[in-house]
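*Asks:* Test case, fold it:
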Amino acid sequence: MLTPLLLHIQKIAHLDLKNTWEEIAVFFDLINIKKKQIILHQDDKCNDLYFVIKGCMRSYYIKNNGSEQTIDFAIENWWLTDYMAFEQRTNSAYSFQAVEHTTIAKITRENYDLLLDQHPELEKYFRCIYQRVSAAAQRRITYHYDFSREELYLHFESNFPWFIQRIPQYLIASYLGFSPEYLSEIKKKRLS
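*Replies:* Modelled structure (predicted):
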């Protein structure tokens, strides 16, 4: 069941891991998560890095007004964690919740360090992952500054149609930073 992770590593880092895959797999736990189940709560210690094998996860935080602000989604072959908290071994600023029934490969911080000690060739893979995460965050910030709210949704819809089909509208609205009602208005406007 961890085969998607191996294929992802091979695809990005161009490593031949056939002889070492069993050695690598022991560092990961396979976990099934029910829809809406939270696997880490905001302010709990972030000790895990998650790879989505099947399904969809989201990360969010609770704003001062008590509402949830979705900051990220992760579908198949995407990684998810609070990267700063994971790196610094501190509490997470975010909660992680399954949007649909999800299967993940989880690696603890301790196992991550051991994995890289025993298989330093994976440093390249994780460096590429972190660079992609950072680049995506920079682009998202740029879009929020440059696009109108309607342009932001249209950009999201055209570039991530698989999210539109899988994720409830209220979560998409939360991710884009506006209310579900406003998202409905944008969609109605496009249909007219």
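
*Asks:* how close does H14 sit to F160?
*Replies:* Counting by Cβ to Cβ, to the nearest Å, the gap from H14 to F160 is 26 Å. Using the backbone N, CA and C atoms, a C-beta is placed for each residue, glycine as well.

*Asks:* Where do the strands of this structure begin and end?
*Replies:* 29-33, 38-40, 48-54, 56-62, 68-75, 79-80, 95-98, 102-108 (DSSP state E).

*Asks:* re earlier: have a look at H14 and F160 and say which one is more surrounded.
*Replies:* F160 (16 against 10; other Cβ atoms under 10 Å).

*Asks:* just so I have it, where are all the helices in the protein?
*Replies:* Per DSSP state H, the chain carries helices over the ranges 3-13, 21-25, 83-88, 109-118, 122-146, 149-159, 161-166, 169-176, 180-191.

*Asks:* what's the closest of the ones you listed to N65?
*Replies:* helix 169-176 (12.8 Å; Cβ to Cβ).

*Asks:* Of all the residues in that closest one, which ones are buried?
*Replies:* Buried residues in helix 169-176, defined by neighbour count with 16 or more other Cβ atoms under 10 Å: L171, I172, A173, S174, Y175, L176.

*Asks:* same deal with stretch 73-87?
*Replies:* Residues of stretch 73-87 classed as buried: F73, A74, I75, W78, W79, L80, T81, D82, Y83, A85, F86 (neighbour count, 16+ other Cβ under 10 Å).

*Asks:* what residues are up against the fourth one?
*Replies:* By Cβ atoms under 8 Å, 6 or more residues apart in numbering, the contact list for W78 reads F51, V52.

*Asks:* pLDDT on stretch 76-86, on average?
*Replies:* In this model, stretch 76-86 has a mean pLDDT of 97.

*Asks:* Oh, that last question was meant for stretch 110-119, not what I typed.
*Replies:* 96.

*Asks:* Equivalent analysis for stretch 48-56, please.
*Replies:* 98.

*Asks:* In TSV: the strands of the chain, plus distance to L114.
*Replies:* Shown next, in TSV, are the strands of the chain (distance: least, Cβ to Cβ, whole Å):
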stretch	distance to L114
strand 29-33	14
strand 38-40	21
strand 48-54	13
strand 56-62	24
strand 68-75	24
strand 79-80	18
strand 95-98	23
strand 102-108	9
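
*Asks:* Perfect, I'm done here.
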